[in-house]
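Visitor: Predicted model follows, preceded by the sequence.
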Amino acid sequence: MPPPDKLPARRDGQTPPANPEQQSLFLAPLPELSTPGELPVYANRACVRQLWLCIHLPSLPLEALKARNEAIEAVFENQQGNRRVLLTSPRVGQLGVTPGMSINAAVALMPTLTLEERNAEKESRALERLAAWAERFTSVVSLEPPDLLLLEIRGSLQLFGDIRDLRQQVESGLLDQGFKPSIAIAPTALASTWLARAGKNASIDDMRNLTGALSPLPLRCLEWPQPVRESLNGMGIYCIGDCLRLPRGGFAKRFGAARLLQLDRALGRLPDPRKGYRAPERFCEECELCEEQDHSERLLTVCRQLLSNLERFLTTRQIEVRHVQFSFFHLRQPATHLALGCVQAGRRTEQWCELLAIRFDRLTLPEPVIAIRLRSGAAQSMQADAGNLFQGKGRQHSTSITHLMERLSARIGDEAVHGITTVAEHRPQYAWCTAEAKGRLPPCAAMPNNWYAQASPLLLTDMRRTSSLLLRRPLWMLPQPLPLATPRGHPEYHGPLKLLDGPERLETGWWDGNGIARDYYVAINSKGVHLWIYQTRNREATWHLHGIFG
Amino acid sequence: MLTTVHDALEKLLQNPRVWRGSQRNAVADTITNTQESPGTAYPTGYIKLDRHLPGGGWPRHALTEILLKDYGTGELKLLMPALARLSNADEVHPAASCGSGEAGWIAWIAPPFQPYPPALLQWGINLAHILIVHSRRGVEALWAAEQALSSGNCAAVLVWSDVLDNKASRRLQLAAEKGRSWAIAFRPLEAAAQSSAAALRIALNAGERGTDIRILKSRGGRPVTVSGVIHDFIHDYAG
């Protein structure tokens, strides 16, 4: 018997042994219950409460094709050689063209009908584009081909108000893009899928209402294979509710454990992990034209459409790009590429359109265009503008100089527009570089742009007065030193030269192999032009013109 | 009868080629008030020249033409003090009045040679505000100049173009007014015979003893020859 005063100390030091009964609750095998409907919802306690919004796009085959050509009113599918109408627009449906009809019959009914074959690739691309668009509502978007999108929205409700507001926004956004959705909301992914497929615009938030909402749904929403459905129908089972009343063991044996698992997942008894969709980091979209096109206005309209898609893509991902590339495809010739770049990463459509219009004027297309593709360059994360609280014009001013530079370089060329800066270097031809190249210099060589102005105005005037500190440098520099003729032993440039000042000896450069040995002079010719010339300090002692004192 | 004459006169005065003497008075008024207002001109930095220019300096928000025979006869040296002030000072460029606190940019469009940064620095130019555009020297240079002028970011735009004519000069003049910028066009001496919309046209006559400046046209001023503005190279530095 331990002394009573030791008991509390031992309790603090080590945890008391777990209650064996509590532990067994999780370790025990699933209790064998009589029907699928009565399994306790134990899994739900462990996982986070979820709310799924399912977007079902029943007429995706038609809508995916319509994006390119508004005139298409029906889609057909090739079923073992029989070409049958798969989907029609409501207008055509009223005229008697119904799905399942052979296309000959359809055309006989309506000679002006525009038909096209179903294109699975376009459908999946359209679905992916919508998934990327849907990422604005939640970070968990799951792609369920061929015609479903699942959005986990529990975490987004705070931001978007309530379920109804969010649902409205999703729906109107889809309608704007030309897709007519069927939307359902439920606490589990499968339940929302089935509800959406059934065309029920349900919004179920509470798990307790789920079984009641799912029960009346017909079996076709489950998209089980035809034989399974037929045998269930043969047993007098027509809806999900009927299914749930069946005994679990027998159901699993007859129809497979996977189908039981589906039912369990739909009712939230078992977790249902989904693979999240991640939009690609780069934008690449192609637009096929209905016919060969060489009218620049019409091509620009298509480009504008692509650019506005790009803007949407970038805004959703919170990134921006500095380069985009257009490719114009021709029927017989190789594609024409047009790369656009801007100084400051931009994502506004108008900005790109303006640059495009400038470049497009000068672009010669060898042939009419059949398709246009837009690709974005490497992305960088978006930088938010720090606005000025009192007068917001400061930032605007500095952005518009880059805007000007972009416009100039779009027409004249990237290399032709640049700033300049000095380099700490004694050889005149290396003492400067373009501002863009400055970043590549070693830090010791890069000099602040305005060290001279910052020094002090007094020092500046002083230096200019005394001139001993200032080495005379010409305002104009020749890109390459120009050899001067020496007809009478003296250098000449538009007349004989008179030396005014010098020599200033500049030497060495062994570290990069471009060593020099020159004597620089200031000279004047008969026209009054001041020149900066040098004589090489080798045996030839040739004269060269290097600069002009503007 | 009287009204038709009046109408004709009005029509004539509407012509942008006609500038009225009253405009000059406006200029003169601002000169007297230079202490209060920023004035209508950028001081050239050469007192001798300032004395002959209306407003006491280069005309603001207008086109200045410099006619010269050869590059290297002091055409840049003439501009350097004013450009240095523009590239550094906040208060000169109108953008400053918007509270941006940023100095104006100086664009060089189609320069005949490479502007040399160490020398620009010696003149006190802030290199962070220099923009060089190596375009072709034809219409492209004029297009670039017009863009730069009307963008409203450039305090000064220097342009070298072979195809500058009366029509182009008017466009540059209008762009300079629109963007509140100073346009400087360099032209050959032969262009003196052609008419131009520039507010100021000067010709440089270089000789061995220094460069003389001939004012050919000056809005609000009168033609005159100023000699010895730009000294001999050595004297320039020796003070």
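Guide: Now that the structure is in, tell me what you want to look at. Numbering: from 1, shown residues only, chains lettered A, B, ... in the order given.

Visitor: B:Pro188 contacts B:Lys69, correct?
Guide: Yes: contact criterion C-beta atoms under 8 Å: B:Pro188 and B:Lys69 qualify, at 7.2 Å. In short, each C-beta sits where N, CA and C put it, glycine included.

Visitor: So for those two, which sits in the more crowded spot?
Guide: For B:Pro188 versus B:Lys69, the count of surrounding residues by other C-beta atoms under 10 Å in any protein chain shown is larger for B:Lys69: 15 against 12.

Visitor: thinking the more buried one is in contact with B:Leu189, fair?
Guide: Yes: contact criterion C-beta under 8 Å: B:Lys69 and B:Leu189 qualify, at 4.8 Å.

Visitor: A:Leu494 sits in which helix or strand?
Guide: That one is not Leu; residue A:494 is His. Using DSSP states H and E, A:His494 falls within no helix or strand.

Visitor: Distance of A:Thr542 relative to A:Thr486?
Guide: A:Thr542 is 8 Å from A:Thr486, where distance means C-beta to C-beta, to the nearest Å.

Visitor: Repeat that for A:Arg136.
Guide: According to C-beta to C-beta, A:Arg136 and A:Thr486 sit 74 Å apart.

Visitor: Could you pull out the helices in the stretch 351-500 of chain A for me?
Guide: Secondary structure of the stretch 351-500 of chain A (DSSP state H, counting those that start in this stretch): helices at A:393-412, A:451-455, A:457-466.

Visitor: what pLDDT, on average, does the first one get?
Guide: In this model, helix A:393-412 has an average pLDDT of 68.

Visitor: One more: the last one?
Guide: Along helix A:457-466, the predicted local confidence has a mean pLDDT of 54.

Visitor: Please identify which helix or strand holds the residue most central in space within chain B.
Guide: Geometric centre of chain B, nearest residue: B:Thr64, 3.2 Å, by C-alpha atoms, centre = their mean. Element membership for B:Thr64, per DSSP H and E: strand B:63-68.

Visitor: That strand pairs with which strands, parallel or anti?
Guide: Sheet partners assigned to strand B:63-68 using DSSP bridges are listed as strand B:182-188 (parallel), strand B:200-207 (parallel).

Visitor: Show me where chain B has its helices.
Guide: Remark: helices assigned in chain B by DSSP state H are B:2-14, B:21-32, B:47-50, B:75-88, B:117-122, B:139-151, B:166-179, B:233-238.

Visitor: how far does the fifth one sit from the chain's center?
Guide: Looking back up the chat, that one is helix B:117-122. 21 Å (C-alpha atoms, centre = their mean, to the nearest Å).

Visitor: circling back to that earlier point, do you know how far the residue nearest to the centre of chain B is from chain A?
Guide: Between B:Thr64 and chain A the computed distance is 16 Å (C-beta to the nearest C-beta, to the nearest Å).

Visitor: Same question for B:Glu75.
Guide: Distance, B:Glu75 to chain A, using C-beta to the nearest C-beta: 6 Å.

Visitor: my read: that residue touches A:Phe549, true?
Guide: No: with contact defined as C-beta under 8 Å, B:Glu75 does not reach A:Phe549; the gap is 10.4 Å.

Visitor: tell me which helix or strand of chain A sits lowest on mean pLDDT?
Guide: Between all helices and strands in chain A, the lowest mean by mean pLDDT, DSSP states H and E belongs to helix A:20-27, at a mean of 34.

Visitor: got the contact list for the closest residue to A:Leu115 other than its chain neighbours?
Guide: Distances taken as C-beta to C-beta, 6 or more residues apart in numbering or on different chains put A:Ala74 closest to A:Leu115, at 5.0 Å, once the chain neighbours are dropped. A:Ala74 is in contact with A:62, A:85-89, A:92, A:97, A:106, A:113-116, counting by C-beta atoms under 8 Å, 6 or more residues apart in numbering or on different chains.

Visitor: If we use 10 Å, what do you get?
Guide: Applying C-beta atoms under 10 Å, 6 or more residues apart in numbering or on different chains to A:Ala74 gives the contacts A:61-62, A:65, A:85-89, A:92-93, A:97, A:99, A:101, A:103, A:106-107, A:110, A:113-116.

Visitor: again with B:Leu216
Guide: B:Leu216 sits next to B:65, B:67, B:191-192, B:196, B:198, B:200-203, B:223-225 when contact means C-beta under 10 Å, 6+ apart.

Visitor: Out of the strands paired with strand B:63-68, flag the one nearest B:Ala107.
Guide: strand B:182-188 (9.9 Å; C-beta to C-beta).

Visitor: Determine how far that closest one lies from the middle of the whole chain.
Guide: 7 Å.

Visitor: and the angle from it to helix B:139-151?
Guide: 160 degrees (axes from the mean of the first three to the mean of the last three C-alpha atoms, to 10 degrees).

Visitor: what's the angle from strand B:182-188 to helix B:75-88?
Guide: Going by the same axes, to 10 degrees, strand B:182-188 makes 170 degrees with helix B:75-88.

Visitor: Can you give me the neighbour number for residue 109?
Guide: All of this is about chain A. 14.

Visitor: try again with chain B
Guide: 31.

Visitor: Do you know the pLDDT at it?
Guide: Note for B:Ile109: predicted pLDDT of 93.

Visitor: Was I right to think B:Leu127 contacts B:Leu121?
Guide: Yes: between B:Leu127 and B:Leu121 there is a contact under C-beta atoms under 10 Å: 6.3 Å.

Visitor: Quickly list what's touching both of B:Glu75 and A:Phe549.
Guide: Residues within reach of B:Glu75 and of A:Phe549 at once, by C-beta under 10 Å, 6+ apart, are A:Leu475, A:Trp476.

Visitor: and A:Arg473, what is it in contact with?
Guide: Contact analysis of A:Arg473 by C-beta under 10 Å, 6+ apart lists A:428, A:431-432, A:520, A:532, A:547, A:549, B:116-123.

Visitor: go on, A:Ile204?
Guide: Contacts of A:Ile204 (C-beta under 10 Å, 6+ apart): A:51-52, A:163, A:184-188, A:191-192, A:195, A:210, A:212-214.

Visitor: Phi and psi next, for the nearest residue to A:Gly96 once chain neighbours are set aside.
Guide: In this structure, A:Gly96 finds its nearest non-sequential neighbour in A:Leu109, 5.4 Å apart by C-beta to C-beta, 6+ apart. Reported as degrees, to the nearest 10, the phi and psi values for A:Leu109 are phi -70, psi -40.

Visitor: what does A:Glu144 give?
Guide: Per degrees, to the nearest 10, the backbone of A:Glu144 is at phi -120, psi 90.

Visitor: And it, what's its pLDDT?
Guide: 84.

Visitor: That one touches A:Leu130, doesn't it?
Guide: No: applying C-beta under 10 Å, one finds A:Glu144 not in contact with A:Leu130, separated by 11.8 Å.

Visitor: Mind listing the shared neighbours of those two?
Guide: Contacts common to A:Glu144 and A:Leu130, judged by C-beta under 10 Å, 6+ apart, are A:Ile55.

Visitor: host element of A:Trp532?
Guide: Under the criterion of DSSP H and E, A:Trp532 resides in strand A:530-536.

Visitor: what packs against that strand?
Guide: In terms of contacts (3 or more C-beta pairs under 10 Å, 6 or more residues apart in numbering or on different chains; DSSP states H and E), strand A:530-536 is packed against strand A:476-483, strand A:498-508, strand A:516-524, strand A:543-548, helix B:233-238.
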